[in-house]
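[1] fold the following.
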Amino acid sequence: MTAPRPDRILFVTGMSGSGKKTALKTFEDMGWETVDNLPLSLVDSLLGAAPAEGAQGLSRPVAIGIDSRTREFDVARIVRGVRQLRDEEGRDAQILFLDASGAEIARRYSETRSRHPLALDRPIEDGITYERELMAPLREAADHLIETTGRTTNDLQALLRQAFGDAGQPSQLTVMSFAFSRGVPRDADLVFDMRFLRNPHWDPDLRPMTGLDAPVGAYIAADPIWPESRQRIEDLLLLLLPRYEAEGKSYVTIAIGCTGGKHRSVHMAETVAARLRDAGFSPTLRHRDLVLKKPDAQGDGRAGVMLKRSDG
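    As a prediction, the model looks like this:
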């Protein structure tokens with residue numbers, strides 16, 4: 001059987017200091033396979049290699065970083081190779097060229113106290129001028145040109161996600177209830193404290209129940225502040241979550257806590273997750289401290305994942 005080969009190939013190149021490392025990291029975060037400064041003679045082997053174990057036969061797009069430091073660097077060879085991939089093999093092969101003004105590049109190298117690769121023993125302006133002449137044919141052949149002068153790292157990342165991102169891969173969303181008595185989850189992005197709500201723990205009939213039980217939910221919902229607080233939390237999440245996705249955040253965890261992680265936080269997490277599903281999100285719902293393992297001789301009994309449900 002022929003191994004799946006990457007049909008979407010992007011050669012990421014440009015002036016040193018114009019943002020190539022940021023670009024490759026952004027592509028990696030978007031799920032691309034990335035490699036930087038691979039010798040040109042090994043590119044064909046890379047593009048013909050089988051996918052990594054566990055890829056399940058899927059072929060991810062590939063971003064290959066190339067610049068003046070690349071071993072066997074040859075502009076004509078690169079351009080010819082891209083055209084061959086595209087015209088003769090029918091693969092989606094393109095060139096992305098990142099550029100910046102000479103003054104901007106000099107400023108960036110000065111701030112990082114790094115040496116320009118083509119100006120190790122000469123003024124940086126000489127290295128920039130020589131590299132610009134060297135890279136001119138590659139810039140001319142580029143399918144995509146991004147000018148990074150005056151742009152921040154976040155600006156460049158946003159441009160790349162807009163141009164090359166896959167809108168079909170939203171953030172992985174988790175809604176989690178937890179007990180403050182056992183610590184705030186370390187991976188929480190947004191934390192909401194439910195200890196302002198009336199506590200079912202003080203009702204002897206409700207104490208053995210959990211936030212999954214209807215009587216507990218009714219008790220919490222009878223708190224006068226419940227409707228408005230729930231609505232405001234849900235509205236805030238519906239405002240923020242699309243922005244997290246637009247910024248390319250792969251995982252978002254919403255942690256909702258109360259004292260014991262059994263009643264108020266559980267009920268609010270269930271309510272919030274249902275509202276998010278109605279709005280088109282697909283949260284994974286997790287109740288970290290709803291059921292606790294009994295302590296043993298080798299542990300302190302502070303449980304990890306106790307109840308987990310995925311809601312699509």
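
[2] which stretches of the stretch 151-300 of the chain have low pLDDT?
    Applying pLDDT under 70 to the stretch 151-300 of the chain picks out residues 166-170, 292-300.

[3] quick one: the strands in it?
    Across the stretch 151-300 of the chain, reading from the start of the chain, the strands by DSSP state E, counting those that start in this stretch fall at 172-179, 190-193, 251-258, 284-287.

[4] direction included, what does the third one pair up with?
    Right, strand 251-258. Strands flanking strand 251-258 in the sheet, each with its direction: strand 172-179 (parallel), strand 190-193 (parallel) (DSSP bridges).

[5] could you say which of those strands is packed most deeply?
    Each of those was assessed for mean neighbour count using mean count of other CB atoms under 10 Å. The highest is strand 172-179, with a mean of 23. For glycine as for every other residue, the C-beta is placed from the backbone atoms N, C-alpha and C.

[6] which residues sit against that one?
    184-185, 188, 211, 241, 250-262, 265-266, 268-269, 272-273, 276, 281-290 (CB atoms under 8 Å, 6 or more residues apart in numbering).

[7] can I get the strands paired with strand 251-258 in CSV including distance to T22?
    As requested, the strands paired with strand 251-258 are exported to CSV (distance: least, CB to CB, whole Å):
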stretch, distance to T22
strand 172-179, 23
strand 190-193, 26
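
[8] neighbours of F11, just the number please.
    Counted with other CB atoms under 10 Å, the neighbours of F11 add up to 24.

[9] what about the residue nearest to it when sequence neighbours are not counted, helix or strand, and which?
    Setting aside the residues directly before and after it, F11 is nearest to I95 in space (CB to CB, 6 or more residues apart in numbering), at 4.8 Å. Using DSSP states H and E, I95 falls within strand 92-99.

[10] got the buried residues for that strand?
    A93, Q94, I95, L96, F97, L98, D99 (16 or more other CB atoms under 10 Å).

[11] show me what the last one bridges to in the sheet.
    It refers to D99. Per DSSP bridges, the residues bridged to D99 are E147.

[12] cool, and the second one?
    Following DSSP bridges, Q94 is listed with bridge partners L10.

[13] show me the contacts for it.
    By CB under 8 Å, 6+ apart, the neighbours of Q94 are I9, L10, F11, V82, R86, D143, H144.

[14] give me phi/psi at the residue most central in space within the chain?
    For the chain, the residue whose C-alpha lies nearest the mean C-alpha position (CA atoms, centre = their mean) is S250; its distance is 3.3 Å. For S250, the backbone dihedrals (degrees, to the nearest 10) come out as phi -70, psi -30.
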